[in-house]
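> sequence unavailable; structure follows:
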């Protein structure tokens, strides 16, 4: 009798190990802060390619994506940090009464200011990991997807909020949860991505020839 490691329990254990490994690499590469963007794109890329499509290894996939998206990822990181800071200053000024506007106007402008930030944040780094385009074009992709697939956007925001709260109350989960967040989020995002890759998929007559991102 031959001993086989190809069992459901072993495969699931290996999958969990890959998720944890990808999450650890994300945490390690996010330490400089300015590299959070390319690290997040690499995390998503690795989760889908290695964990869900069973291709390559965590280290090889992660650093391939990280290097490929480093420049644009840093630009997005700076943009979202500044954007988030602007929202934070606005909220602080509103709470301290520093904005001369009625409460309804303050709330309305705050929503208008925050929505593009919150909506696109759910998609921008997965988009960066998958589509080759300029910075503005990728932002447009993320904004379009977030609005067109609004129910999924809301669920992704809730998932991110829960993940953030858990990490806030139990800080050591920072080393565990990012990979699992990316894994769960990928089920929503990959379903959306497939709708924009129909023509690309039609180029392949034989399903066995499909690249991993079209499976």
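Cool, the structure landed. As the structure is a computational prediction, the values presented were derived from the model and not from experiment.

> and whichever helix in the chain runs longest, what other elements does it pack with?
Of all segments of type helix in the chain, defined using DSSP state H, the longest is helix 70-95. Helix 70-95 sits against helix 36-46, helix 103-121, helix 124-130, helix 135-148, with contacts defined as 3 or more C-beta pairs under 8 Å, 6 or more residues apart in numbering; DSSP states H and E. Where C-beta positions appear, they are placed from N, C-alpha and C, glycine not excepted.

> let's go with 6 Å and repeat that
Of the remaining helices and strands, those touching helix 70-95 by 3 or more C-beta pairs under 6 Å, 6 or more residues apart in numbering; DSSP states H and E are helix 36-46, helix 103-121.

> worst mean pLDDT among those?
When the helices and strands packed on helix 70-95 are compared by mean pLDDT, helix 103-121 comes last with a mean of 89.

> still on that earlier bit, the helices and strands packed on helix 70-95: which one's closest to residue 80?
Closest to residue 80 of those, according to C-beta to C-beta: helix 103-121, at 6.5 Å.

> buried sites along that closest one?
By neighbour count on 16 or more other C-beta atoms under 10 Å, the buried set for helix 103-121 is 106, 114, 118-121.

> quick check: of the residues you listed, which lies closest to residue 17?
Distance ranking of the buried residues of helix 103-121 against residue 17, using C-beta to C-beta, places residue 121 first at 28.1 Å.

> let's see the pLDDT reported for residue 3.
At residue 3 the predicted local confidence, pLDDT, stands at 48.

> what about residue 98, distance to residue 136?
32 Å (C-beta to C-beta, to the nearest Å).

> how about the contacts made by residue 22?
Counting by C-beta atoms under 6 Å, 6 or more residues apart in numbering, residue 22 makes contact with 43, 46-47, 58, 179.

> now residue 204: phi and psi?
Main-chain dihedrals, residue 204, degrees, to the nearest 10: phi -110, psi 110.

> run a quick neighbour tally on the closest residue to residue 210 other than its chain neighbours.
Spatially, and ignoring its direct neighbours in sequence, residue 210 is nearest to residue 204 (5.2 Å; C-beta to C-beta, 6 or more residues apart in numbering). Neighbouring residues of residue 204 were enumerated by other C-beta atoms under 10 Å; the total is 12.

> same question, residue 140
Residue 140 has 14 nearby residues by other C-beta under 10 Å.

> I'd like the distance between it and residue 148.
When distance is defined by C-beta to C-beta, residue 140 is 12 Å away from residue 148.
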